[in-house]
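# Got a sequence here, can you build the structure:
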Amino acid sequence: MNRKLFRPTLTEVKEQYPPRGTHEPLGPGPRKKPAPPDQTHAENFYYVKQMQAHTPVAVVLTDGEVLRGIVEWYDQDCIKLTRFGSPNLLVYKHSIKYLYKDGDEAAHGGNGNGNGNGSHES
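So this is what the prediction gives:
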């Protein structure tokens, strides 16, 4: 039995597929990437995780003041910071520059030498 392979010629293939870059839009308008979601819930996830673990945090305010404590609860506009040996505070989120886990030296400009105590000895 003699079998012959069928291969289309290059010309036939070019006629079958349009050249690249000239694709027709599939819908009524140009296709765009979908818009990112308005809410990622990352902030909520972070606060809940810190609250459940009772993680000590340092809150740096926009004026540079640092508050330390545990996030007890939060809402859309503020967080309640339970402090050690000081009155608890209700801190408006718009006055927070950033916050980090207390003890993370690298988060607030530590020297990064890995000894964790913030000293500049080598």
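
# Three-state assignment for Val48, please.
helix (DSSP: H, G, I helix; E, B strand; the rest coil).

# Tell me where the protein has helices.
Counting by DSSP state H, the chain has helices at residues 10-16, 42-53.

# What I need now is the ones you listed written out in CSV, including mean neighbour count, mean pLDDT and distance to Ser86 for each item.
Quick note: C-beta positions are derived from backbone N, CA and C, even for glycine. Output for those, formatted as CSV (neighbours: other Cβ atoms under 10 Å; pLDDT from 0 to 100; distance: least, Cβ to Cβ, whole Å):
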stretch, mean neighbour count, mean pLDDT, distance to Ser86
helix 10-16, 9, 72, 76
helix 42-53, 12, 93, 19
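
# okay if I get those helices as a markdown table plus distance to Ile96?
Rendered in a markdown table, the data for those read as follows (distance: least, Cβ to Cβ, whole Å):
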| stretch | distance to Ile96 |
| --- | --- |
| helix 10-16 | 60 |
| helix 42-53 | 11 |
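
# nearest to Lys101, of those?
Distances from Lys101 to each of the helices of the chain were compared using Cβ to Cβ; the shortest belongs to helix 42-53, at 7.7 Å.

# Isn't Met51 up against Glu72?
Yes: counting by Cβ atoms under 8 Å, Met51 sits close enough to Glu72 to count as a contact (6.9 Å).

# what is in contact with these two at once?
Contact criterion Cβ atoms under 8 Å, 6 or more residues apart in numbering; no residue bridges Met51 and Glu72 by contacting each.

# Neighbouring strands of the longest strand seen in the chain in the sheet, and parallel or not?
Under DSSP state E, the strand in the chain containing the largest number of residues is strand 66-74. Under the criterion DSSP bridges, strand 66-74 sits next to strand 56-61 (antiparallel), strand 78-82 (antiparallel) in its sheet.
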